[in-house]
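1. just the structure for this:
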Amino acid sequence: MRITTTVRTTTRIPFVQVVKTSVAAVIAWFACIALLPAQLPIFATIAALLVVQPSINQTFGKAVERSLGVITGVVLALVLGLAFGTSSGVVLAAVVVAVLVGWVFRLTPGSSTQIPISAMLVLAIGQLSPVYAVDRIVETILGAAIGVVVNLAIAPPVLHEASRRAVVSLAGDCAAALDRLAGALAEPVDREELHRMLVVARELRPRHTQAVAEVDRGLESLTLNPLRRRHRTLLEADRELLATLTVLVNRIVGMTRAVHDRYDPSLAEEPVVRGIATELTRAAHDVRLLAEHAIPVDGEAGAPPHEEPALTAPLVVMQPSEEHWILIGSLLEDIRRIRSEIIGGAE
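-> Numbering: from 1, shown residues only. A predicted model of the protein is given here:
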């Protein structure tokens, strides 16, 4: 692992968040200079920088976290400073006590870190008076409040695009896996191709996990968001499609593993296997229809698909040969479950 992977991400945060963070810091600076001119508004600016988050709910959480940490740290510094002075030993003791306070009360990492930082800053500056302590608390709350207001006022973030992109991409991957499986059943393939199919099918699980995380982040971004009514329908459509794809991912991986383990070149000669291959191709077609159905048209989800689903009737099964009946029976049950999920999702 390269060292840069611990400090760099694969994608940049939206530029609008950079603008909002900068605007919040500037407003907090000048607002506190106007209201509390005695000191430079370091606490307010830091609060505004930390509070602006990718979602409104996270912004409120950071505001509370930051304010609680500063209040506790300032009060702790004031008590220790008035009792023991502001020597380096007292500063170190305040840091240790502040860390213990966060541990005892099981505070979040943000609050637990903020308490010793605030206590250390107050003791280092050396102005130990109740007026100074109150000013720093007010300054922090003001900076946090400005960060919340700015994040609400300038393009409140709703993380729907990433959610939709992840779910639709997963649907495309599922459809491609079904097509590959159909191809392996329709025509004989070698062991290398079977192994490649299994590897690709197993990659659906981490992609599914990523899609779940994106949908959860999207739904979380609606909390306390003034635009939640406009976007909730779209995110609910993503969640419904993801529920269908969850079953499909499990079935596709299981079917691919069964074919990989029990494959025989003569399998393609079975009439029922050719029928299963046809049904898998139809299933892939219908999964793509579900993804198309989930893509918003003119800002609304739920537009009817352009084509009818291909899985319109159950597969008629003839008696399979003795050496293949276990695999064929397993595939038929998986096809039944896939059909049930797709038809239910289309409805």
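2. ranges for the helices of the stretch 51-200 of the chain?
-> Taking DSSP state H, counting those that start in this stretch as the criterion, the stretch 51-200 of the chain contains helices spanning 56-84, 88-104, 109-125, 130-153, 160-186, 191-202.
3. any chance of the ones you listed in a markdown table, with distance to Leu235 too?
-> Where C-beta positions appear, they are placed from N, C-alpha and C, glycine not excepted. Output for the helices of the stretch 51-200 of the chain, formatted as a markdown table (distance: least, CB to CB, whole Å):
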| stretch | distance to Leu235 |
| --- | --- |
| helix 56-84 | 14 |
| helix 88-104 | 35 |
| helix 109-125 | 27 |
| helix 130-153 | 19 |
| helix 160-186 | 6 |
| helix 191-202 | 28 |
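4. out of the ones you listed, nearest to Leu49?
-> Distance to Leu49, taken as CB to CB, is lowest for helix 130-153 among these, at 7.7 Å.
5. how far does that closest one sit from its chain's centre?
-> Taking CA atoms, centre = their mean, to the nearest Å, one finds helix 130-153 lying 29 Å from the centre of the chain it belongs to.
6. what packs against that helix?
-> Helix 130-153 sits against helix 15-35, helix 42-51, helix 56-84, helix 109-125, with contacts defined as 3 or more CB pairs under 8 Å, 6 or more residues apart in numbering; DSSP states H and E.
7. tell me which of those helices is the most buried.
-> Of these, the one with the most neighbours on average (mean count of other CB atoms under 10 Å) is helix 42-51, at a mean of 25.
8. and the next helix or strand past the helix ranked longest in the chain?
-> In the chain, taking DSSP state H as the definition, the longest helix is helix 228-262. Downstream of helix 228-262, the next assigned helix or strand under DSSP states H and E is helix 271-294.
9. tilt between that next one and helix 160-186?
-> 170 degrees (axes from the mean of the first three to the mean of the last three CA atoms, to 10 degrees).
10. what's helix 271-294 packed up against?
-> helix 160-186, helix 228-262, helix 325-346.
11. any buried residues in it, and which?
-> By neighbour count with 16 or more other CB atoms under 10 Å, helix 271-294 contains the buried residues 272-277, 279-294.
12. thinking again about what came up before, to His231, which of the helices of the stretch 51-200 of the chain lies closest?
-> With CB to CB as the criterion, His231 lies closest to helix 160-186 of the helices of the stretch 51-200 of the chain, at 5.3 Å.
13. in the closest one, what counts as buried?
-> 160, 162-164, 166-168, 170-171, 173-182, 184-186.
14. what do you get for stretch 90-102?
-> Going by neighbour count (16+ other CB under 10 Å), the buried part of stretch 90-102 is 90-91, 94-95, 97-98, 101-102.
15. check stretch 254-272 too.
-> For stretch 254-272, the buried set under the neighbour-count rule, 16+ other CB under 10 Å, comprises 254-256, 258-260, 263, 267-268, 270, 272.
16. nearest to Leu327 among the helices of the stretch 51-200 of the chain would be which one?
-> Distance to Leu327, taken as CB to CB, is lowest for helix 160-186 among the helices of the stretch 51-200 of the chain, at 9.8 Å.
17. who are the packing partners of that closest one?
-> helix 191-202, helix 204-220, helix 228-262, helix 271-294.
18. pretty sure Ser169 sits against His208.
-> No: at 10.7 Å, Ser169 does not count as touching His208 under the criterion of CB atoms under 8 Å.
19. quick check: buried residues in the helix or strand of the chain with the lowest mean pLDDT?
-> Least confident helix or strand, the chain: helix 325-346 with a mean of 78, by mean pLDDT, DSSP states H and E. By neighbour count on 16+ other CB under 10 Å, the buried set for helix 325-346 is 327-328, 330-332, 334-335, 338-339, 341-342, 345-346.
20. distance to Ile117 added to these, as TSV?
-> Converted to TSV, those look like this (distance: CB to CB, whole Å):
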residue	distance to Ile117
Leu327	63
Ile328	66
Ser330	59
Leu331	60
Leu332	63
Asp334	56
Ile335	60
Ile338	55
Arg339	59
Glu341	51
Ile342	54
Gly345	50
Ala346	55
